[in-house]
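Asker: Curious how this folds, go ahead:
(one chain, ligands or ions: 1)
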Amino acid sequence: MSNTKESQLSEIATSTYQCKYCLQEIEQKAKVCHYCSRYQNRLIQSLGTIVHLISIGAFVISIIMMWIAFSHLKEARQERIAAEDAVQKAETVAASLIRVTYIQAKTKNEFGNSSRLKKAQAIIEEELNKVLKLGFPNEEGRKAFIQELTKELPPRGD
Ligand SMILES: [Zn+2]
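Answerer: Residues are numbered from 1 along each chain as shown. Reported below is the predicted structural model:
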């Protein structure tokens, strides 16, 4: 009876051994340590480590690629916004000049102080101010430009 117990104990003692990595007692036949989940075969374990490192590398590379793609997208978006802004300004200028030309042509041979002429004058001024603000966003620059223009006209009543 005591003999069988001893032999059982010695069997248990020989059938376990230490994990190569975490040094816990594990079954001798175990291919994987159930404490640290490492393969006891060093070749398989190092292959696993290599695969793991490769997947970390791939992850880092994909993040870098995403970052590059995102910054290009941002750049393209800023360029597109600037281009759209320029197109919009050009459209405003074109529309204003067309309106001014049309109204001037419509009232070309009209004289006097009629409400029709006053309205035409008001529209022309409004349109020119719109265009001037695009050409001279700075108010000081705008005033200086208008002053220069006014100087070119002979004084009233001449
Ligand atoms: Zn282990």
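
Asker: Run through this protein and note the low-pLDDT ranges.
Answerer: Within the chain, the stretches with pLDDT under 70 are 1-14, 158.

Asker: Tell me where the longest helix sits in it.
Answerer: helix 42-106 (DSSP state H).

Asker: residues near G112, how many?
Answerer: By the measure other Cβ atoms under 10 Å, the count of residues near G112 is 7. For the C-beta atoms, the positions are set from N, CA and C on the backbone; glycine is no exception.

Asker: Check whether it sits in a helix, strand or coil.
Answerer: coil (DSSP: H, G, I helix; E, B strand; the rest coil).

Asker: can you give me phi and psi for it?
Answerer: phi 110, psi -160 (degrees, to the nearest 10).

Asker: measure it to the ion for me?
Answerer: 105 Å (Cβ to the ion, to the nearest Å).

Asker: likewise K106?
Answerer: Separation of K106 from the ion (Cβ to the ion) stands at 94 Å.

Asker: Was I right to think that residue contacts A120?
Answerer: Yes - checked against Cβ atoms under 8 Å, the pair K106 and A120 is within contact range at 7.2 Å.

Asker: When the two are compared, which one has more neighbours?
Answerer: A120 (18 against 11).

Asker: element containing that one?
Answerer: helix 115-135 (DSSP states H and E).

Asker: From the contact counts, what lies against that helix?
Answerer: helix 42-106, helix 139-151 (3 or more Cβ pairs under 8 Å, 6 or more residues apart in numbering; DSSP states H and E).

Asker: quick one, that helix and helix 42-106 angle?
Answerer: Here the directions of helix 115-135 and helix 42-106 differ by 150 degrees (axes from the mean of the first three to the mean of the last three Cα atoms, to 10 degrees).

Asker: and helix 115-135 with helix 139-151, angle?
Answerer: 130 degrees.

Asker: Near the ion, which residues of this protein are found?
Answerer: Contact residues, the chain versus the ion (Cβ under 5 Å from the ion): C19, Y21, C22, C33, Y35, C36.

Asker: Just the buried ones among those, please.
Answerer: Neighbour-count burial (16 or more other Cβ atoms under 10 Å) applied to the residues of the chain next to the ion gives C19, C33.
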